[in-house]
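Enquirer: Quick one, what's the 3D model for this:
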Amino acid sequence: MTSRKGVTRRAAGLTVVLMTLAIGTAACGGDGGSSDGTFVAGHPEPDHLIPGNTTSAYSWDVTDELFENLVGLDKNGNVVEQAAQSVESKDQKVWTIKLRPGQKFHNDEPVTAQSFADAWNHAAYGPNGFQGNDYFSQIQGYADLNPEDENAKPKADKLSGVKVVDDLTLQVTLDAPFSQFKLLLTHPAYAPLPKAAFADIKAFDNKPIGNGPYMMDGSWERNRQVKLKVFPGYTGPRKPRNKGVTWKSYASADTAYTDLRAGRIDVMQSIPAAKVPEAQRILGERVLPRQTGTFDYLGFPVFDKRFANPDLRRAISMAIDRNGINKAVYNGTYTVADSMLPPLIKGHRKGACGELCTYDPAKAKQLFDKAGGFSGTLELYFSNAQPSYEQWMQIVANQLKQNLGIQDIQFRKIPVSDYLSMLRAREEKGPYRQNWEADYPSAQNYLEPQFHSTKNRMGWTSKEFDDLIAKGNAAPTEQEAIALYNQAEDVALREAPMVPLWIWQGFGGKSDKVDNVTITPYAMGLVTHEVTVK
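Expert: Here you go, the predicted model:
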């Protein structure tokens, strides 16, 4: 999840964090929200509001409420049925999905098996250019919609593995057994779309019609806000305890935090690390700490021959003092990475990263010299989503100058709305901040989307890694799958096309006008429907 991917989901690099005010005062929430049962949450600007066309956690904040998947995650990370009545398989390759009857979209169109099939086919069809395309790659027929030659016409426009049996039954056939398919179905890309979406998909992005507990209240006011109100026809398990939410867009986390303190917004999912001690003093119990799976990495453009040598990449990693940065920038609240996986994910192995994540300037210089050094300008890329990104990049730059002797270093601070598209286009010319938040809580989800030869942003290829992931995906038991994923992780750690940095410690905050605020470490983030307004 840029993730808060995003950033991501989030993250991340999901991503995920909040930003400067690009807008005027919202019509509700804060002082106004207490009178009408609605509240205001602050976050960065989404990139899209069609679930299959975004990998941004900031977009998922909104789409999770507008749309309802077949299954979702509860706040403890367990899979629960939502639009589905059941999701079953005898062999982990052919899956039968039964929908709950009587569901409707916000325009009263019935939610059927065809609603899901249409949405998945549209997202999986390569020429449509949807960001969630890869999430359908497990389904039979995906290759026919996505020829290796991007200029070739696809052989089909529908996934052969998706069969509509009747109005309430889908049969999904995968290319190979995949025991985590039910987890995969929790990803936002698997949401349904009404027939109305395909009349004008670009217009639909501005005012999407979903099947979730909330519906649009007007159109998306870009760079300002998205207002949602309760959908009265909703019959699912996430019945709202409030009357609506306004997602207010910020370009700076510091400004959002100022507005939280002033009561102009009611929920902030990520208080800037530098502000956490102050927030704990001022907001007290209204600060909401949580463990997260949001991970920061430093990626390398391996497609650039200057970064092709693994020893150079290892040298840069070992020249970075992660513990020092954690203390200086994050007040020691983050968890320094010792694996490609965060501790809350099954398969995390303490110390798996070994010397690659160990600060060792002398060894780093030896590797640097062995690799032939680096000539020219070293560009460091990050988004403007958080002030802390520039802070730690400045420290990294100083450490690379001091420990490796690289003197010509320049920053490339990219608007958050453009950052992911830049990485997808492989336009970066140097190391970049990569953020990932779990689309679903699985080791496979951290490793395959970020490192697989056909999916990663680094231009790295490894048949060994790809084969191990494939074997893990087909493993008959969770234990066997994790063992294979760990072997794949070891390959990525050995080659270091992207190196782990730290896992976020989340600190959200709320106003005194709302209660029952839960912010999860998963793609959904805020459990919006549970929030109560005084």
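
Enquirer: Name the helix or strand for the closest residue in space to Asp74 that isn't next to it in sequence, please.
Expert: Spatial nearest neighbour of Asp74, excluding adjacent residues (Cβ to Cβ, 6 or more residues apart in numbering): Val80 at 5.1 Å. Using the backbone N, CA and C atoms, a C-beta is placed for each residue, glycine as well. Val80 is located in strand 79-81, with elements delineated by DSSP states H and E.

Enquirer: Tell me how far that strand lies from the chain's centre.
Expert: Distance of strand 79-81 from its chain centroid, counting by Cα atoms, centre = their mean, to the nearest Å, is 20 Å.

Enquirer: got a list of contacts for that strand?
Expert: Applying Cβ atoms under 8 Å, 6 or more residues apart in numbering, the contact partners of strand 79-81 are Leu70, Val71, Gly72, Leu73, Asp74, Val87, Arg100, Lys182, Leu183, Thr186, Pro237.

Enquirer: how about the helix or strand following it: buried residues?
Expert: Using DSSP H and E, the helix or strand that follows strand 79-81 in sequence is strand 84-89. Using 16 or more other Cβ atoms under 10 Å as the test for burial, strand 84-89 gives Ala84, Val87, Ser89.

Enquirer: what's the answer for stretch 284-302, then?
Expert: Of all the residues in stretch 284-302, those buried under the rule 16+ other Cβ under 10 Å are 286-288, 292-302.

Enquirer: what do you get for stretch 491-499?
Expert: Within stretch 491-499, the residues scored as buried using 16+ other Cβ under 10 Å are Val491, Ala492, Leu493, Glu495, Ala496, Pro497, Met498, Val499.

Enquirer: before we move on, what about stretch 525-534?
Expert: For stretch 525-534, burial by neighbour count (16+ other Cβ under 10 Å) applies to Gly525, Leu526, Val527, Thr528, His529, Glu530, Val531, Val533.

Enquirer: ok, the third one - contacts?
Expert: With contact taken as Cβ under 8 Å, 6+ apart, Val527 is in contact with Lys75, Thr518, Ile519, Thr520.

Enquirer: Trp460 too?
Expert: Counting by Cβ under 8 Å, 6+ apart, Trp460 touches Val302, Phe451, Ser453, Glu495, Pro497, Met498.

Enquirer: burial count for Ala262?
Expert: By other Cβ atoms under 10 Å, 11 other residues sit near Ala262.

Enquirer: For it, give its distance to Ser270.
Expert: Separation of Ala262 from Ser270 (Cβ to Cβ, to the nearest Å): 18 Å.

Enquirer: ditto for Asp47
Expert: For Asp47, the distance to Ser270 equals 18 Å [Cβ to Cβ].

Enquirer: do the same with Ala496
Expert: In terms of Cβ to Cβ, Ala496 sits 28 Å off from Ser270.

Enquirer: hey, which helix or strand in this structure has the poorest pLDDT?
Expert: Sorting the helices and strands of the chain by mean pLDDT, DSSP states H and E puts helix 33-36 at the bottom, at a mean of 64.

Enquirer: secondary structure class for Gly42?
Expert: When classified by DSSP: H, G, I helix; E, B strand; the rest coil, Gly42 comes out as strand.

Enquirer: so who does it touch?
Expert: Leu18, Trp247, Lys248, Tyr250, Ala256, Asp259, Leu260, Ile265, Val267, Met268.

Enquirer: So for it, what's the nearest residue that isn't a sequence neighbour?
Expert: Leaving aside its sequence neighbours, Gly42 sits nearest to Ala256 (Cβ to Cβ, 6+ apart; 4.0 Å).

Enquirer: How about Gly376?
Expert: According to Cβ to Cβ, 6+ apart, the nearest residue to Gly376 is Asp408 (6.9 Å).

Enquirer: Mind pulling up the pLDDT for that neighbour?
Expert: Asp408 is assigned a predicted lDDT (pLDDT) of 97.

Enquirer: contacting residues for it?
Expert: Contacts for Asp408 (Cβ under 8 Å, 6+ apart) come out as Gly376, Thr377, Leu378.

Enquirer: between those, which has the most around it?
Expert: Counting by other Cβ under 10 Å, top hit in these: Leu378 with 21 neighbours.

Enquirer: how about it, phi and psi?
Expert: Note on Leu378: backbone dihedrals following degrees, to the nearest 10 are phi -90, psi 110.

Enquirer: which residue packs closest to it, ignoring adjacent ones?
Expert: Closest residue to Leu378 apart from its sequence neighbours, by Cβ to Cβ, 6+ apart: Ile409 at 4.8 Å.

Enquirer: just Leu70 next, same as before
Expert: Ala84 (3.8 Å).

Enquirer: Make sure the one you found is actually in contact with Thr96.
Expert: No. Shown here, Ala84 and Thr96 do not form a contact pair, counting by Cβ atoms under 8 Å, at 10.3 Å.

Enquirer: All the helices of the stretch 251-400 of the chain, in order from the start?
Expert: Remark: helices assigned in the stretch 251-400 of the chain by DSSP state H, counting those that start in this stretch are 253-262, 276-282, 310-318, 322-330, 361-370, 387-404.
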